[in-house]
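Visitor: Sequence and predicted structure are below.
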2 protein chains.
Amino acid sequence: MTTVNRQLILRARPKGLIASGDLQLAESPLPELKGGQALARVKYLSIDPTMRVWMAGDSYLPAVVIGEVMRAFGFAEIVESRHPDYKKGDRVTGFTGLQDYIVLDASASQSFQKVPKIPFVSDTVFLGLLGINGLTAFFGMEIAQPKKDETLVVSAAAGATGSIVGQIGKIRGCRVVGIAGTDDKCNWLTKDLGFDAAINYKHPDWKAKLAAAVPNGIDIDFENVGGEIMNTVLGLMNLHGRVALCGLISGYTTEDRGVASLETVLVKRLRVEGFILLDHVSRFMDAATQLGQWKMFGKIKDRETIVEGLEKAPDAINMLFTGGNTGKLIVKV
Amino acid sequence: MTTVNRQLILRARPKGLIASGDLQLAESPLPELKGGQALARVKYLSIDPTMRVWMAGDSYLPAVVIGEVMRAFGFAEIVESRHPDYKKGDRVTGFTGLQDYIVLDASASQSFQKVPKIPFVSDTVFLGLLGINGLTAFFGMEIAQPKKDETLVVSAAAGATGSIVGQIGKIRGCRVVGIAGTDDKCNWLTKDLGFDAAINYKHPDWKAKLAAAVPNGIDIDFENVGGEIMNTVLGLMNLHGRVALCGLISGYTTEDRGVASLETVLVKRLRVEGFILLDHVSRFMDAATQLGQWKMFGKIKDRETIVEGLEKAPDAINMLFTGGNTGKLIVKV
């Protein structure tokens, strides 16, 4: 067995996209396990836009410290254990970081969840549909309060979260319109996922097409992007509409800091509510159970883009901001 | 009796403050009353920031049409009646417009409320505490949902709405901090109205003073101003805080269109909700009854700045944006 742990260390806070050298691959020896510890092999890493926020500075979590392993949510399997809660072969999800191995320590304030082996279901489901993205979609839609026959628009609709948001919208009886960045993504949304319409915001006439796709206006904006896309959506919203503010990715790598005209919020009496998944930890199991049922009965489909190799993680994070992935983006370690 | 009606006609949409010529005084003959009509003498005009919005363009109400009498809420007394609902001496509030007289017409879609004569109480109370401002404060505070021991910050705190908002906050058991533009206004808020603190935003160190005045952070922002003041308040808000978005006056006469960083809304999981008084018409009587009780028992004090003369109305509107008034601003016709 190897005695080396490869780790991606944060060396500099990126400006714009992650540049070579911002995250640097380093090797360290695997520590000897002490009593109360377990060693877990990281198998899959969840690649999420919020990682770029963690690299930039303090936000809803403290910034990743320069010189430390980059924070990431991942799936790992216990390979050796002197930990009271885990035995060899147990499988967990939690903040593994961008590395090959993580030491779980009973005396540390780590938060890992044991996850079951589900026949015929890929382990990666615990990172996407039953992980950060499915749960974010689920709790965000509680904030959005969709009602039958309302119109829901979701931006970054072909992403891991947006694609589930739209399908929950269909389950709730909404007219669902997605905004995405390629025709292929738009086709996936309408042909495979049942979205009523999907708009490619890179087409020059996308604003007119969006307006035409929402003949009764927009009641709910599930906002992942911010900036010009959000302002365009707000302009089409109905009185007393709701905005579930989930992400503002247009501002994570650029100077667009997610400003929107509050004048529209006032005049249209909108409710804009920010939310963060970590506030809902106590209800993760309930939500995952519901999401799993929907998947089992074919009401929700998910899709993954898998990138192979820990060393590719920095490029993978950048893919989120250049539109390179469809569905859940995962690094296979 | 006079046969002439003086009217302030909107001639041009203002840029910045209202300039001479934007509103022009004109005289027209009083019409002969037809069956179903009543003539009312306008006695007091409510001067509100939203009038500047009505002059600029369509918003939650259609813009005032160029060449028509400027829209205004006012208090009037019936001087002659062939109207089934009114007799001479009746007193009403509603959209009188900036003019000496208004014809009430049973066949028109006007909305006037008869108001009682209350012993020892000035008629102007129906424009301020029991009118637009008291009602706006009341329904806005329903949206803000103040809880005991929370910290409430209100901007434009010495204005007609802000001063009532803060006092309702005290009734609800909040720590209340006002933001206003002169030391005199701040003194009025703390010494007369019972605000816990008041910050003059024209002092160079006002941001530090505001931070010091909210040792437990801010739970509620009752926002009347927008722009830099709002962004400063948002920066001090607690997780899951609420913003009752009532007005954005910093943007009504300038290019500051009320932009705020949505990043803060997201990271702090804030709820920002715009509201407009006209959505709550069906509950005006309930709210006015509560406000009247509070006033009767000394729990709410109000104050007025009275400007004499219809022709002074344009200057009076400008006073709202230059900080010239304390409490309710009224033109006595």
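Guide: Good, I have the coordinates. Residues are numbered from 1 along each chain as shown, chains lettered A, B, ... in the order given.

Visitor: you'd agree residue A:139 is up against residue A:278?
Guide: No - judged on CB atoms under 8 Å, residue A:139 makes no contact with residue A:278 at a distance of 10.2 Å. (Each C-beta comes from the backbone N, C-alpha and C, glycine too.)

Visitor: between those two, who's got more neighbours?
Guide: Each of residue A:139 and residue A:278 had its neighbours counted (other CB atoms under 10 Å in any protein chain shown), and the higher figure belongs to residue A:139 (20 against 11).

Visitor: which intervals of chain A have sub-threshold pLDDT?
Guide: Across chain A, the stretches falling below the confidence threshold (pLDDT under 70) are A:1, A:256-259.

Visitor: residues from it in reach of chain B?
Guide: Remark: the part of chain A in contact with chain B comprises A:59-60, A:226, A:230, A:240, A:245-248, A:251, A:257-263, A:265-276, A:279, using CB under 8 Å from any CB of the partner chain.

Visitor: please redo it, this time with the cut-off set to 7 Å
Guide: Contact residues (CB under 7 Å from any CB of the partner chain) of chain A with chain B: A:59-60, A:226, A:245, A:248, A:251, A:257-263, A:265-276, A:279.

Visitor: if we can go back for a sec, between residue A:139 and residue A:278, which contacts overlap?
Guide: A shared contact of residue A:139 and residue A:278, defined by CB atoms under 7 Å, 6 or more residues apart in numbering or on different chains, is any residue touching both; here there are none.

Visitor: Can you give the contact residues for the one helix or strand residue A:232 maps to?
Guide: Assigned by DSSP states H and E, residue A:232 falls within helix A:227-235. Residues lying outside helix A:227-235 but in contact with it, judged by CB under 7 Å, 6+ apart, are A:153, A:155, A:179, A:201, A:207, A:210, A:218, A:221, A:223, A:250-251, A:256, A:258, A:260-261, A:264.

Visitor: I'd guess residue A:45 is in a strand, am I close?
Guide: Yes - Residue A:45: assigned to a strand according to DSSP: H, G, I helix; E, B strand; the rest coil.

Visitor: Quick one: neighbours of it, just the number.
Guide: When neighbours are defined as other CB under 10 Å, residue A:45 has 29 of them.

Visitor: I figured it hits residue A:331, correct?
Guide: Yes - between residue A:45 and residue A:331 there is a contact at 4.2 Å, judged by CB atoms under 7 Å.

Visitor: Give me the common contacts of the two.
Guide: Jointly contacting residue A:45 and residue A:331 under the rule CB under 7 Å, 6+ apart are residue A:313.

Visitor: Now which of the residues of chain A next to chain B would you call buried?
Guide: The neighbour count (16 or more other CB atoms under 10 Å in any protein chain shown) marks A:59-60, A:226, A:245, A:248, A:251, A:257-263, A:265-276 as buried among these.

Visitor: which stretch of helix or strand covers residue A:163?
Guide: Applying DSSP H and E as the criterion places residue A:163 in helix A:160-171.

Visitor: same for that helix, what does it pack against?
Guide: helix A:132-144, strand A:151-155, strand A:175-180 (3 or more CB pairs under 7 Å, 6 or more residues apart in numbering or on different chains; DSSP states H and E).

Visitor: most packed of these?
Guide: Mean neighbour counts were taken over the helices and strands packed on helix A:160-171 using mean count of other CB atoms under 10 Å in any protein chain shown, and the top value, a mean of 30, falls to strand A:151-155.

Visitor: For residue A:83, see how far away the residue of chain A positioned farthest from its centre is.
Guide: Relative to the C-alpha centroid of chain A, counting by CA atoms, centre = their mean, residue A:35 is the outermost residue, at 34.8 Å. From residue A:35 over to residue A:83 the distance is 9 Å, taken as CB to CB, to the nearest Å.

Visitor: Cheers, nothing more for now.
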